[in-house]
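Asker: Please find the sequence and the predicted model below.
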Amino acid sequence: MAGSAGFTASCSRHFASNHVRISEAGDSALLLELDEVINVSVNAQAIAVAGAVRGAGLPGIRDVVSTYRSVAVHFDPLTLDIETLHNTLARAADTPPVIEEGKTVVIPVQYGGDMGPDLRAVAAFAGLSPDEVVARHASARYRVFMLGFLPGFTYMGTVDESIAMPRHATPRLKVPTGSVGIAGRQTGVYPRESPGGWQLIGRTPVSLFNPSRVPAALVAPGDTVRFVRDKISAPIASGFSRTSVVSGFSRTITVLRPGLFTTIQDTGRWGHQAIGVPVSGPMDRLSHRVANALVGNEPAAALLEATLAGPEIRIENAAVIAVTGADFSARLDADDIPLHRPIKCRPGAVLRFGERRSGARAYIAFAGGIVTPSMLGSRATHTYCGLGGLDGRAIAAGDRLPLGAERAPSSSRIVSTPAKNVGGAKVRVIPGPQLDFFPSEALDVLQRTRFTVTSQSDRMGYRLTGATIPRVEGREMISDATFTGALQVPPSGDPILLMSDRQTSGGYPQLATVITADLPAAGQLAPGDWIEFEICTRAQAMSALIAQEGAILALQ
């Protein structure tokens, strides 16, 4: 296991003409930042640094993500020593940028009309005709600076200054798949239907992202895109391609009632954040691991995560199950069953849930695991992106889920696990990674405030109310990498706690990051619950994580 002593929150050095800062983003990520500008040379160096880190072959690296002007490295702190990673990043910062184009991708676009409802508004903004706007947009060659927001969403530049209309003050709730937009001097293509605030000037039938394709993303940072005016004749796909559930399994379960929001989750979709694919995975990593250990599954096996109200499941064949996490009054047929214990089920037994007593998310593991098709190396469901699970959605009544081969359960005893939240939780944080966007008193405000989780909260993040977190006036940040457990602070000052389904990039600075060992407690919060934050050291974070991991390993 990795050590934790002797590493400060951040350091600054100068490499060539760029100012370089390496900062902690919690206890499982580092962020290397270059000059705070958007230009080709800085972006080229970020891409080169990311390539050097990937090429170092360090064990425990989960993801390396280049942005406009930074490199985020996500790692397993129990496998990789942070000082080793920090030194590798510092050496990689000396990698000279290679200012050369990658591949060139030509994208046909039908501009205006229903395909580009904002084209006339952009023309009015620019004092040009719609045809002149199209000519200026289509005549440029655009560099792909980064991918984020959605899988395959490309941040490209630089748009001609005359047509660089700012994004909408209020985003649309639905932007159609294939929409081509402008946001200031950026342009991009929406790879699937989603909310969005960019000015829509056209649409393309080209698929920017397909998880069944290799590579899944059509373009990569450093590539060049050219838009060509064309009339669309091919139909525009409504989203990502799907993979049907594999047939031929002898062991299954049937969903009789889905509960409020129940999804299939494994340990997450690591390794694809560089193309905008969120990690997903369990909100409560600890309960996920314990449930799988109790029924003899591998730690990464897929199971069901139920939110606030549990499902009703018929277990078609003899099986061993375990329920962990929140207490939703589980019953097997007519009998109450305890949490955190393997339970043998007869063929046809029905698992039901009743009153919610504590916590927000229950985990239901079946020996052999749920074996829906893997997508980009994971079965984890991300409903917003339509990835994983069953066609990227929550389970529904009538779904029949296949189970893998059973192994012998590792334990028949009730396991002692931390008490689930009853109304709130206090979690520990490490400051950063973007402290320079906040005045010195911001961390004090964070620590002395009891925040409330609002109803506008989900697996992507919790919107919190309480005290307003101050920010440095007049400073806005360039879109950058985000981190699970990070506290984003928008201009309103009401923080957003990023959770498992967070987007891979965002435009709000991150004040502090919840430590890995305390994320399970945060994952059990429901709207209306309170949350408090306490600053801790990396040594304390590592001690807590090692103790937690030791308790899980004792079950296996």
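Answerer: Done, it's in. Numbering: from 1, shown residues only.
Asker: Quick one: the strands in the stretch 151-300 of the chain, in order.
Answerer: In the stretch 151-300 of the chain, the segments counted as strands under DSSP state E, counting those that start in this stretch are 154-157, 172-175, 179-183, 186-189, 194-196, 199-203, 224-229, 252-257, 262-265.
Asker: Present those as TSV; the columns should include distance to G507 and mean neighbour count.
Answerer: (Glycine included, C-beta is placed from N, CA and C.) What follows is these, written out as TSV (distance: least, CB to CB, whole Å; neighbours: other CB atoms under 10 Å):
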stretch	distance to G507	mean neighbour count
strand 154-157	11	25
strand 172-175	17	14
strand 179-183	10	24
strand 186-189	11	24
strand 194-196	13	18
strand 199-203	17	26
strand 224-229	22	17
strand 252-257	38	18
strand 262-265	27	26
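Asker: Flag the shaky bits of the stretch 251-400 of the chain, pLDDT-wise.
Answerer: Low-confidence regions of the stretch 251-400 of the chain, defined here as pLDDT under 70, do not occur.
Asker: Would you mind putting the strands of the stretch 151-300 of the chain into TSV with distance to T468 alongside?
Answerer: Shown next, in TSV, are the strands of the stretch 151-300 of the chain (distance: least, CB to CB, whole Å):
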stretch	distance to T468
strand 154-157	29
strand 172-175	27
strand 179-183	27
strand 186-189	29
strand 194-196	25
strand 199-203	31
strand 224-229	40
strand 252-257	42
strand 262-265	33
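Asker: among the ones you listed, which is nearest P215?
Answerer: Each of these has some distance to P215 by CB to CB; the shortest is strand 154-157, at 13.4 Å.
Asker: on contacts alone, who are the packing partners of the closest one?
Answerer: Packing contacts for strand 154-157, counted by 3 or more CB pairs under 8 Å, 6 or more residues apart in numbering; DSSP states H and E, involve strand 141-147, strand 186-189.
Asker: Just the mean pLDDT for it, thanks.
Answerer: Strand 154-157 shows a mean pLDDT of 94 in the predicted model.
Asker: Pull the distance from that strand to the chain's centre.
Answerer: Between the mean C-alpha point of strand 154-157 and the mean C-alpha point of its chain there is a distance of 20 Å (CA atoms, centre = their mean, to the nearest Å).
Asker: what does stretch 138-152 give?
Answerer: Stretch 138-152 has its C-alpha centroid displaced from the chain centroid by 20 Å (CA atoms, centre = their mean).
Asker: tell me which residues of it are tucked away?
Answerer: Residues of stretch 138-152 classed as buried: 138, 140, 142-152 (neighbour count, 16 or more other CB atoms under 10 Å).
Asker: cool, and stretch 510-523?
Answerer: Applying 16+ other CB under 10 Å to stretch 510-523 flags 510-523 as buried.
Asker: Kindly reformat those as TSV containing pLDDT.
Answerer: Listed next are the buried residues of stretch 510-523 as TSV, based on pLDDT from 0 to 100:
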residue	pLDDT
Q510	98
L511	98
A512	98
T513	98
V514	98
I515	98
T516	97
A517	97
D518	98
L519	98
P520	97
A521	97
A522	98
G523	98
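Asker: how many neighbours does S492 have?
Answerer: Counted with other CB atoms under 10 Å, residues neighbouring S492 total 13.
Asker: can you check L260 too?
Answerer: The number of residues packed near L260 is 12, by other CB under 10 Å.
Asker: Kindly list the main-chain dihedrals of it?
Answerer: When quoted as degrees, to the nearest 10, the phi and psi of L260 stand at phi -70, psi -50.
Asker: Pull the contacting residues for it.
Answerer: By CB atoms under 8 Å, 6 or more residues apart in numbering, the contact list for L260 reads A306, T307, L308, A309.
Asker: among these, who's most crowded?
Answerer: Neighbour count (other CB under 10 Å) singles out A306 as the most crowded of those, with 27 neighbours.
Asker: is it true that G485 touches A521?
Answerer: No: under the contact definition of CB atoms under 8 Å, G485 does not touch A521, with a separation of 11.0 Å.
Asker: Show me the contacts of L260 that map onto helices.
Answerer: Residues from the contacts of L260 lying in helices, with DSSP state H as the criterion: none.
Asker: would a markdown table of the residues you listed with distance to D333 be doable?
Answerer: Output for the contacts of L260, formatted as a markdown table (distance: CB to CB, whole Å):
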| residue | distance to D333 |
| --- | --- |
| A306 | 18 |
| T307 | 24 |
| L308 | 23 |
| A309 | 19 |
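Asker: No further questions, thank you.
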